[in-house]
Each structure stands twice: as structure tokens, then as C-alpha cells.
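Enquirer: no sequence on this one, just coordinates:
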DNA sequence: CTGAAAGCGCTTACAG
DNA sequence: CTGAAAGCGCTTACAG
């Protein structure tokens, strides 16, 4: 039967006939303690199976050893990769990751934040649920825990004593690159397909699309901008909207990969051949993008690297909470694949 | 400028002119304290933005408020879903999740476990890296933290004072179902494709394949058992091994979905038409399985539900560490899709 | 080189 | 109904 009683510094000190101050010094590799004593103490620790209590130490030194990470959707590979990157960088810096997931529910997000903040993390990294009001979030976490927001902007007005750092993707430049690529291939009637008006990333991507079009002296027609929920099924269902007026677009910049895959399906059902008689691009570079038919031209944001970056920024913010941290916008890279062809 | 100093029970007690014992009682909703006092205290907490320090409370009461979760590969959607399920159930039970990821490296796994155990979690849930020696793991976490292992068995001999609970998938029954399905369709020459001999899940799946074959009085030929690393690329490269001898198999039970998708690619490259002139099955039901060409018949293990189950088992184990917990084997469900056709 | 003492933020009998 | 006291496991000046 394994002994379940936890062994403490006191147990080691008693067994060695020294004070627990000495044991503590051994723990932190202090040069003050005599080599013989050190060895005796270390042996005893091994023998009794001592394990350090970081929470108790943190209480005494008033230092945090954790960082909280709240993710809107872990089953989305983009955010899973992001989480892996955060965890990797935090571990390397000696912090442990407190995980929470909101499942895109702002109620759950409130509950999760309130619970995590009670563990007094050095900082909170939040990839927010779709609608995330900054005032509610401020109420949940209070003014004294540094916050880094990833990917989506919070909505509403921030209370006076509340501020946060931000890491986002260069949505505008990404969509501009994708549109530019289609223009280079010879397309002129290019749609912007999918996403919701009220999502900040969607607005930014549309701006990038417009930038590229206007740079080529093309004014996008209103019927080329097609709104739909950013899911595969909704996109497939909305495919028809591309073809209600002649001449129809010959290409589409899609809000993201899920939408692009749904559009691929919708086009195929109508007897079209995406990558041969219609060109389209995605955004995110999810794993399915590479193996679809056709493989999807898309924009890669390197989510794992974004995770490492978020961890670094959050820790900086924790060290220097009074500095005014400007938003950081990470670049995004075009991956050319077979879904982008010249116009028929 | 936000006030960064943390407010404590003492601050509230002083401001209200009561002792901190009283404030503590208010916190835990004790009926002992007078309603007026309670209200005064609560108002003051709101005013000062008090946030509870769970670590300090846990230290005093010797109770853990966290459970550690160590994942071998977060970028695999199967494990990401599992992690989401674990987190969901732990949060519901009032625990916070300490996340660690090993990236399939047993070195990183050791480091991560050693770090997490210092936070004295109520239990550890480990989805182990491919090679995970039980003796090393025992050394990292010591005998007093309950351990639940998910999905893969640990290798080697457990030290005398060390034991762990186990949650796995019914690999054998799953592979048997897949093989049975192919047999029903009329196949007789069925290969078992991919996976490594030394992986416990691969051995179990092969046994299920053999069960079904023998139940139909078919002795699998040695050249029908094809070993390869469980990745898409390796599987594609090994496709030729199916056809070195006549008559070649007309169907394959693949070790998992990644292997099945690789084999699909390999077959297509050779001019075959999987789902028309060759039948194959996967295992895991990853998102790509549903959208491939053809969509893949596979086995679903409901990883999110497995995560919830793991959390429940781990907490039971924590409450009653001396009980001898028998391994729990979760069922797996066949999803029929277009990749399984009758023999040509 | 080592020990006695105080304290991190909380809880819990025990008095009153 | 409320307060004084002790203690969870650790660290850190301060003496010696």
C-alpha cells in the first residue's frame, strides 16, 4: 500500500537533525550550506520521496508560477495548435498552464475566468468567445491580473482602470494577398464569400479584399459580397448566391478554410469543378486544406508560433504591467495549391 | 493606472471593523454570521475588488483544487477533443486543469510530470508518449499522487509501491467489427495495414482482425499483415506491399485513419479507385475521414466523452486511492461510409 | 555555515 | 454571532 501522506520540509529537517531553513537553502542550491550537509539532506529527500510544494512557496514569496489560458474552441485545430505553442513556451519559462475552455459560450467564459483568477496566475491569455464584452470580462478578472487577448477584439467599452494587450493576425494583408494572387491569374470578377459582418476578423479580411480590387481599378459589385455563418454546411448551402446574376464571378476569396471547403462541396454538387473552372482561396491552413480535392490555396498563420508569441507577450505584460502595450499583429503567409486556377 | 496590489481578507476585515475569521465565514456562506454583517462584508469585497486566493485556502485545508492533464499530442484532434472533455468535466466538478504536453517525447514527459506534481494536483491524467516506462514515470510523480493512464499501456515493470488506473479503447472489438463488416460485404482476402508491432493498441487491433477472420474460417496469410509507421506518408509509401503476390487482397483494415488516408492516396496513385475496386476502413474518426474521397468507414471512440470519463475516474481514484481500480475499456462504434464497397 | 522567528493568505476549532 | 490563536508548507532577513 503506497504511503499517501505528503512529506514536507519539516520531515526532512527532523530526519537530518537540521532546521528547515537549512533544507530550504539546499532546495534552492544555496552555496551557503556545507557540502556534507547538502548531501545528507538530498539523500534524505530522495529516500522519503519529497516533492516540493510550489503553491506554498509562491504564497510566501508572493510569486505566481502559473499562467491561465482560456480557449474558445479546443476542437478547432487552429486553437489546439495555439494552445500547444502557449504551453510549450510557458513550460520553457518555468510556468505551468492553467487551462480553461469556453466552447464559444460567453457564460462559460465568465465562469472559467472567475475560477482561474482565484489561482492568481501571473497573467491570463484569452482567445475570446465570439461575443465577449470587455466590461463583463473586466468584472470577472479584476484589475490586477494582466490580460493578453488573442485573435479577436473584445466588444464594448473598457472600464477606466482596465486595459489589455492584444495579439492578432494580419487579416487585412492576408486577404489582400489572396485576392492579389487571383488577380494575377487573370480573374476580374472575384467574390468575397462567407463570414459575418459583426466579426472583426471578417471586416478586416473584406478590407484587404477591397484594397486589392481597388488597386486594380475594380469596384466589387454588391452581389459579390456574400455573407454566411463560417461553417462548412452554411457555405455549401449559400453556393447558389454566387450565380444569381450574369456574368457570375469566376473566383472567390473565402472567409476561412471551413467556408472554402463548404463552397467546394457546393460547387461540385452543381457540376462545377473547383480548381478547373472556378478558383477559390481559404484562410487558416487547417490540416484538411492540404488533402481536399482540390487542395486548397490558403493563408497560414502558424498557430503554434502564435502561441509561443502569446506566452512571451503575456509574461512581458506580467513583468511590466504599467507599460502601455501596443497591439501586435502577426504576419500571415500565402500557401499556393491547386484550388487557384486561371479563369476558364 | 490600475492598482496592482492584491487585496486580501485582512483588508476587508479592517475596512469593516471585523476579524478576518468573520470575513472567511462570509466567504463560505456560513449561516453563523449576522445578515447585516454579511452584507457589509460583501459590499466591501465588491468595492475593493477582492479575489479569493484558492492556493492559500488549499494550503490551510490540505485540499487540492487542480488536476494535471498531460497530453502526448495536442495537435492531433483526437487528443484535443479528449482534453476538451477532461477540462469540461473537471470544471464542472470545481477543479482547474493543469495542462502539460509531451509532444510524444518521453524526456519532455518526464520534465512536465516533475513540474506538474509540484503543484500537488488531486490526480494526474496521462495520455502517454509512445514509449513510456512505468518506472521512470513513477520516479517523476512519486507514490502519493493518483495516476490515470489513458489509451496506451505503460511499458516495463511497475515498482512495488506504485499503481495506476487505466482507461482504454476496445481496440480488439473495434477491429473485429471493421473486419466483420468487410466480410459481410463479401471480401475474403483482407489485409491488416499499418501500425507497429510494439504498440499495444496495434497488437490489440490485429487480434480483433484475426478473431473475425478465424470466425469465418479464414487464416490470414502472412503477407496480408503489413507493418508501417502510423502516418499518412509512410502508409502511402507502403501501398505496393499489398500487391506483391497474386491473388492480392481486395480490402484492408487499416490501423488508423491517418494510415487509411495515406493508403487511399497510394491506391489512387496506382490507378485504383478506393471505394469502387478496393475497400478499406480506418480507426479514430478524425474530421478528415468524413470529407475525404471517398469518405472513410471508420471507428469512432467519442474522444470528448472519453475525456469526461477520464476526469470522473481520476477524481474517484483521488477520493479513494487505496481501492484497486480495474482497467476500464470504452466501446467503439463503427461508422459506415463510402470507402467500404463489395469486392469487384 | 546554521537556527529561531516572522509571515504569505487563508481556515477552524475553541471561547465568550 | 464574533474574535484570538494556531497552523498549512514554505522563505528570508537576522543573529550567532
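Expert: Structure received. Remember, it's a predicted structure, so these values are computed and weren't measured experimentally.
Enquirer: all contacts plus neighbour counts: C-alpha atoms, from now on.
Expert: Fine.
Enquirer: Show me how chain A divides into domains.
Expert: A:9-52, A:64-169+A:303-330, A:171-301 (automatic domain parsing).
Enquirer: Out of these, which is closest to DNA strand C?
Expert: Nearest to DNA strand C among the domains of chain A is domain A:9-52 (3.6 Å), distances taken as CA to the nearest atom of the strand.
Enquirer: from the middle of its chain, how far away would the closest one be?
Expert: With CA atoms, centre = their mean, to the nearest Å as the basis, domain A:9-52 stands 42 Å off its chain's centre.
Enquirer: So is it next to chain B?
Expert: Yes: using CA under 8 Å from any CA of the partner chain, domain A:9-52 reaches chain B at A:49, A:51-52.
Enquirer: and which of these is nearest residue B:41?
Expert: Residue B:41 lies nearest to residue A:52 out of the residues of domain A:9-52 next to chain B, by CA to CA, at 35.6 Å.
Enquirer: ok now the helix or strand where residue A:191 lies, how far from the chain's centre?
Expert: Assigning secondary structure by DSSP states H and E places residue A:191 in strand A:190-193. The chain centre lies 26 Å from the centre of strand A:190-193; the measure is CA atoms, centre = their mean.
Enquirer: State which one residue of the stretch 51-200 of chain A is found closest to DNA strand C.
Expert: Closest contact between the stretch 51-200 of chain A and DNA strand C, by CA to the nearest atom of the strand, is at residue A:60 (2.9 Å).
Enquirer: If you tally nearby residues, what's the number for that residue?
Expert: Counted with other CA atoms under 10 Å in any protein chain shown, the neighbours of residue A:60 add up to 10.
Enquirer: Pull the contacting residues for the residue nearest to residue A:51 when sequence neighbours are not counted.
Expert: What sits nearest to residue A:51 in space, not counting adjacent residues and going by CA to CA, 6 or more residues apart in numbering or on different chains, is residue B:118, at 6.2 Å. Neighbouring residues of residue B:118 by CA atoms under 8 Å, 6 or more residues apart in numbering or on different chains: A:51-55.
Enquirer: Could you rank those residues by neighbour count and give me the top one?
Expert: Top of those by neighbour count (other CA under 10 Å): residue A:55, with 23 neighbours.
Enquirer: Need the pLDDT of that one.
Expert: Predicted confidence (pLDDT) for residue A:55: 94.
Enquirer: quick one, phi psi at residue A:68?
Expert: phi -90, psi 140 (degrees, to the nearest 10).
Enquirer: measure it to DNA strand D for me?
Expert: For residue A:68, the distance to DNA strand D (CA to the nearest atom of the strand, to the nearest Å) stands at 22 Å.
Enquirer: which residues does that residue contact?
Expert: Per CA under 8 Å, 6+ apart, neighbours of residue A:68: A:97-100, A:116-117, A:121-125.
Enquirer: Now the two most distant members of these.
Expert: Farthest apart among the contacts of residue A:68 by CA to CA are A:100 and A:122. That separation is 15.3 Å.
Enquirer: ok, and does the regular element (helix or strand) spanning residue A:313 reach over to chain B?
Expert: Following DSSP H and E, one finds residue A:313 within helix A:303-319. No: counting by CA under 8 Å from any CA, chain B has no neighbours in helix A:303-319; the shortest distance is 9.3 Å.
Enquirer: Can you add secondary structure and give the contacts of residue B:118 back as JSON lines?
Expert: As requested, the contacts of residue B:118 are exported to JSON lines (DSSP: H, G, I helix; E, B strand; the rest coil):
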{"residue": "A:51", "secondary structure": "coil"}
{"residue": "A:52", "secondary structure": "coil"}
{"residue": "A:53", "secondary structure": "coil"}
{"residue": "A:54", "secondary structure": "helix"}
{"residue": "A:55", "secondary structure": "helix"}
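Enquirer: Kindly reformat those residues as TSV containing distance to DNA strand D.
Expert: Putting the contacts of residue B:118 into TSV (distance: CA to the nearest atom of the strand, whole Å) gives the following:
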residue	distance to DNA strand D
A:51	6
A:52	4
A:53	4
A:54	7
A:55	8
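Enquirer: circling back to that earlier point, what is whichever helix or strand comes after the strand holding residue A:191 packed up against?
Expert: Following strand A:190-193 in sequence order, the next helix or strand is helix A:200-215 (DSSP H and E). On a contact count with 3 or more CA pairs under 8 Å, 6 or more residues apart in numbering or on different chains; DSSP states H and E, helix A:200-215 meets helix A:171-184.
Enquirer: Residues contacting the helix it packs on, please?
Expert: For helix A:171-184, contacts defined as CA under 8 Å, 6+ apart pick out A:190, A:201, A:204-213, A:251, A:253, A:279, A:281, A:298-299, A:331-334, A:340, A:342.
Enquirer: The strand holding residue A:191 pairs with which strands?
Expert: According to DSSP bridges, strand A:190-193 forms sheet pairs with strand A:225-226 (parallel), strand A:251-254 (parallel).
Enquirer: contact partners of the last one?
Expert: Same thing as strand A:251-254. With contact meaning CA under 8 Å, 6+ apart, strand A:251-254 is reached by A:175, A:178-179, A:182, A:187, A:189-194, A:209, A:260, A:278-283, A:343.
Enquirer: Buried among the residues you listed? Make that a ChimeraX selection.
Expert: For the buried members of the contacts of strand A:251-254, the matching ChimeraX selection, counting by 16 or more other CA atoms under 10 Å in any protein chain shown, is:
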select /A:175,178,179,182,187,189,190,191,192,193,194,209,260,278,279,280,281,282,283,343
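Enquirer: After the helix or strand bottoming out on mean pLDDT in chain A, heading C-terminal, what element do we hit next?
Expert: Least confident helix or strand, chain A: helix A:287-291 with a mean of 81, by mean pLDDT, DSSP states H and E. Sequence order places strand A:298-300 as the next helix or strand after helix A:287-291, per DSSP H and E.
Enquirer: what's that next one packed up against?
Expert: Under the contact definition 3+ CA pairs under 8 Å, 6+ apart, strand A:298-300 sits against helix A:171-184, strand A:333-335.
Enquirer: The shortest one - contacts with which helices or strands?
Expert: So that's strand A:333-335. helix A:171-184, strand A:298-300.
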